[in-house]
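Enquirer: how would this look folded up:
(one chain, ligands or ions: 1)
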Amino acid sequence: MSGLRERLAAADAFVVAAELVTSRGVLEQRDGQQVWDLAHRLAECPQVDVVSLTDNPGGNPMIAPDMLANRMRELGQEVILHFACKDMNRNGIESRAWKAASAGLHNILALSGDYPVAGQSGTAAPVFDIDSVGLLKLLSDMNAGVEEARAPDGRLAGTDFFLGCVVTNHKLHEREVLPQYLKLEKKARAGAAFAINQVGFNARKDSELLLWTRARGLPLKLLANVYLLTRGVARVFHAGRIPGVVVSDELLAVAERHGAGEDRGREFFVDLAAKQVAVARGLGFAGAYLGGHMPVETYVEILERAAAISGEQWREAAKEIRFDRPGEFYLYGSDPETGLSDGVEREEYLRSRRERRTDLKVPARYRLSRAVHGTVFARDAPLFGAGARVYERIERSSPGLKRAAHVLEQAAKVPLFDCQDCGDCSLPDIAYVCPEGPCAKNQRNGPCGGTRDGLCEVYDSECIWAQAYERLKAYGEEDGLVEGPVVIKNNALRGTSAWANTFLGRDHNAKNIGAADVRTARGTH
Ligand code: SF4
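Expert: Down below sits the predicted model:
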């Protein structure tokens, strides 16, 4: 049997992935046995190409997917292993990655992960040492061969990971939708070869995503999320209890109506899922990603019903999957015939760009920070060299002067930015919004998928990346929101002067542009 990589490479590929959520407790217990039985039956199901195993979904501790993945591989089943960043730091993740590679598990879905909501004796502390983009880079670097002085040729042998990611496209505001698209592009640059979108029930949004990735020339295979609803699940999704997953008021009303029927809406929900599969195939997605709690027979039923929607009938089906929300943002217009995306940027959006119109107020301190950055802190700023020389002297002077300079820096940055003294400053990367305090997941390469109509997944404040998008749009620079190299924070710098680290080439920016360029900027080469 060919692997996921080979299947997706085929020009006419339409891959079927089934998501399997692991259980709590040891595998031999009742819940574990039920999951294992389903895993076993999915492995025997010819319609399912790959089984995707979740990693503590919803921030709840579950049995690690690795063991199930190993057992399924022994059955000859292709699997995707989810890797989330919420419960492990980069070393733990690297260690887990070596283990997966050694076991022949190559398909990895890289995620930031949901914020932890549970734990024994209280809620667990989140880790988020790196984010999904940092994780893709880490795994891509392992593929290229990690530097290791003792290894022959100075590098470890490369792994063979086939990397995927998630995009959460069913968002309400422009300041959420476009940052998600741009982050997807960054994920592709960091090594993602396939992407799965988050649960949603809006064919126009899905067609827009597909057209956008094509317009940008992204080398990504997209799998469309298809979720089998029930009335109960629709209520949970509608209440926003699963980050990034949307069920609109209208869809909830439909689910309530059908759910009150004798079959509890089964016929309707299976049919809706089948139509989602057919529409995904018709639109040109590379596959469908089926989720929801169901027996194997239901997977098969959904796929058979989808196959029965032949020819161009999927276009009619698409008209029934149009559950958006009032005022929902679209980048492209819609085809009046089908209601699907037409791939043409809407005039209203273009006008707002031309006028640099923002939905959020751009604070004066951002305008001031930009000016100071351009004058002092940017590598090509007129005063960068002078600043570097000052900090070289401070470094060589007494510890007392060093401390005083650091206190002075904090006196400016704490009131202005609520600086947490991480020492590896990302303020210029995120339009002068700090990712340390107000971002629950320390996302330094774009927004996570959990925003709630612009608000943070965890806090009741505007997502830092939504703020950054608006600030940049005021200057016509929003396309560059996440451009540039992958940002990975160096934790060794915590509690040290970020200004000194910038001027003396110790922070992530210096690493990304190269030490020689820093020396040139300092005028000390
Ligand atoms: S601020 Fe934005 S990116 Fe950070 S955790 Fe909240 S929603 Fe996610």
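Enquirer: what about A103, distance to P65?
Expert: Here A103 is placed at a distance of 12 Å from P65 (Cβ to Cβ, to the nearest Å). (C-beta placed from N, C-alpha, C; glycine too.)
Enquirer: Between the two, which has more neighbouring residues?
Expert: Higher neighbour count among A103 and P65: P65, with 25 against 14, using other Cβ atoms under 10 Å.
Enquirer: Spit out the contact partners of the more buried one.
Expert: By Cβ atoms under 8 Å, 6 or more residues apart in numbering, the contact set of P65 is T22, L53, T54, D55, L81, H82.
Enquirer: Also D507?
Expert: By Cβ under 8 Å, 6+ apart, the contact set of D507 is G423, D424, C425, N490, L493, A498, N501.
Enquirer: Could you export those residues to CSV, including columns for neighbour count and pLDDT?
Expert: Putting the contacts of D507 into CSV (neighbours: other Cβ atoms under 10 Å; pLDDT from 0 to 100) gives the following:
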residue, neighbour count, pLDDT
G423, 21, 98
D424, 23, 97
C425, 26, 97
N490, 15, 96
L493, 19, 97
A498, 23, 97
N501, 21, 97
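Enquirer: sorry, back to before: hmm, which two among the contacts of P65 are most spread apart?
Expert: Pairwise distances across the contacts of P65 peak at 11.3 Å for T22 and L81 (criterion: Cβ to Cβ).
Enquirer: Residues that sit against both of the two, list them.
Expert: Counting by Cβ under 8 Å, 6+ apart, the residues touching both T22 and L81 are L53, P65.
Enquirer: Among the contacts of D507, name the ones in helices.
Expert: Among these, the members found in helices (DSSP state H) are A498, N501.
Enquirer: that older thread, and the ligand, which of the contacts of P65 reach it?
Expert: For the ligand, no contacts are drawn from those by Cβ under 6 Å from any ligand atom.
Enquirer: What's the PyMOL line that selects buried ones from the residues you listed?
Expert: Paste this into PyMOL to select the buried members of the contacts of P65, with burial taken from 16 or more other Cβ atoms under 10 Å:
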select buried, resi 22+53+54+55+81+82
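Enquirer: Tabulate the contacts of P65 in CSV, adding columns for secondary structure.
Expert: Formatted as CSV, these follow (DSSP: H, G, I helix; E, B strand; the rest coil):
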residue, secondary structure
T22, coil
L53, strand
T54, coil
D55, coil
L81, strand
H82, strand
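Enquirer: which among the contacts of P65 gets closest to E267?
Expert: Proximity of these to E267 (Cβ to Cβ) peaks at T54, which lies at 27.5 Å.
Enquirer: correct me, but the closest one touches S23?
Expert: No: the criterion here is Cβ atoms under 8 Å, and T54 misses it with S23 at 10.6 Å.
Enquirer: shared neighbours of these two, anything?
Expert: Joint contacts of T54 and S23 (Cβ under 8 Å, 6+ apart) are M62.
Enquirer: mind listing the strands for the stretch 201-350 of the chain?
Expert: Taking DSSP state E, counting those that start in this stretch as the criterion, the stretch 201-350 of the chain carries its strands at 221-227, 287-291, 332-334, 341-345.
Enquirer: Give me the neighbour count for R403.
Expert: Neighbours of R403 under the rule other Cβ under 10 Å: 11.
Enquirer: is it true that it lies in a helix?
Expert: Yes: counting by three-state DSSP, R403 falls inside a helix.
Enquirer: in the stretch 1-150 of the chain, what spans have low per-residue confidence?
Expert: 1 (pLDDT under 70).
Enquirer: care to break the chain down by domain?
Expert: As assigned by automatic domain parsing, the chain contains the domains 4-334, 364-522.
Enquirer: As a markdown table, those domains with distance to E355 would be great.
Expert: Converted to a markdown table, the domains of the chain look like this (distance: least, Cβ to Cβ, whole Å):
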| stretch | distance to E355 |
| --- | --- |
| domain 4-334 | 13 |
| domain 364-522 | 10 |
